[in-house]
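**Q** Have a look at this prediction, sequence included:
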Amino acid sequence: MDVVMGALLVQRTGRPPMMALDGPAWQLDQRSVPTTWVAVWDALRSGPGVIAGPSALGAPGSRAVLVPSVINPEPGTSLAPGGHALEPAHLHSPADTSMHVVLPAERAALVVAQGWGIACPRAVHGTEVILFGPRDEAELDVVSALARESVRWSLARNGVTVFQRRAPAPDGSVAEVGAAVLATAALLAASVVGDELADAEEQRAG
């Protein structure tokens, strides 16, 4: 039985975006604007139990959420190949804006049927979906919710249910767990996003 129940999905309006079937860029039109891309990334990385990091599989420029403590996840719950940290989802670059996620097979099929994405052409387990980049605030809410749902489901299926950022140190004090890793990842993501937004502004000005 799946441990995370998703909310009902409304039908996505309009035609679906044009999608490539072999990558590395997937979404070819109807891409999110840069500020929406940042909002999707913020929603994806804000969940407990994950850290930001490079994707083991995504194209250059992709941003992933990872669970380093899980190296051999249950099949169908990670986008990364065996031997890599659990990777429930990754967001493709601002030149693409689509997002790879994993969801229960039935939920993944519903997401596709309601027009929010496509089954990943490289899928093996029927859980891998490519979500379209949101076009507006309403779609941002749906896509952000699906991103968080993906992370919760993947973590729960792999027994990750306690999300503590602090733990007792040997001397009895309380020490931050992974604080340096989290801070470094956050600074790196902020720097890259800032550069990409600046490039987008220059293109619009030109």
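**A** Here it is on my side, so go on.
**Q** Now do the phi/psi pair for Leu86.
**A** According to degrees, to the nearest 10, the main-chain angles of Leu86 amount to phi -50, psi 130.
**Q** which ones are touching it?
**A** Residues counted as contacts of Leu86 (CB atoms under 8 Å, 6 or more residues apart in numbering) are 66-68, 70-71, 73, 77-78, 80, 154-155, 158, 160. Heads up, the C-betas are built off the backbone N, CA and C, glycines and all.
**Q** for Leu66, same thing?
**A** Val50, Ile51, Ala52, Gly53, Ala85, Leu86, Glu87.
**Q** Can you flag which of these belong to strands?
**A** Of the contacts of Leu66, the ones assigned to strands by DSSP state E are Ile51, Ala52, Gly53, Leu86, Glu87.
**Q** still on that earlier bit, and the two most separated of the contacts of Leu66?
**A** The span of the contacts of Leu66, defined through CB to CB, is set by Ala52 and Leu86 at 13.7 Å.
**Q** Compute the distance between Trp41 and Ala25, please.
**A** Distance of Trp41 to Ala25, computed by CB to CB, to the nearest Å: 17 Å.
**Q** Who has more neighbours out of the two?
**A** Ranked by neighbour count (other CB atoms under 10 Å), Trp41 and Ala25 place Trp41 first, with 20 against 15.
**Q** Backbone torsions only: list them for that one.
**A** phi -60, psi -40.
**Q** That one is in contact with His92, isn't it?
**A** No. Judged on CB atoms under 8 Å, Trp41 makes no contact with His92 at a distance of 10.5 Å.
**Q** Which strand or helix spans Arg135?
**A** In this assignment (DSSP states H and E), Arg135 forms part of neither any helix nor any strand.
**Q** And the strands in this protein, which stretches?
**A** Counting by DSSP E, the chain has strands at residues 51-53, 63-67, 86-91, 99-102, 117-119, 128-131, 166-168, 174-176.
**Q** quick one: which of the ones you listed is nearest Val143?
**A** Counting by CB to CB, Val143 lies closest to strand 128-131 out of the strands of the chain; the figure is 5.6 Å.
**Q** Neighbouring strands of that closest one in the sheet, and parallel or not?
**A** strand 99-102 (antiparallel), strand 117-119 (antiparallel) (DSSP bridges).
**Q** Turn these into CSV, columns for mean neighbour count.
**A** Listed next are the strands paired with strand 128-131 as CSV, based on neighbours: other CB atoms under 10 Å:
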stretch, mean neighbour count
strand 99-102, 28
strand 117-119, 21
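**Q** doesn't Glu128 make contact with Pro75?
**A** No. Assessed by CB under 8 Å, Pro75 is found out of contact with Glu128, at 11.2 Å.
**Q** Please give the number of neighbouring residues around Arg15.
**A** 9.
**Q** dump the residue contacts of it.
**A** Here Arg15 is in contact with no residue (CB under 8 Å, 6+ apart).
**Q** Can you report phi and psi for it?
**A** Torsion angles, degrees, to the nearest 10, at Arg15: phi -70, psi 150.
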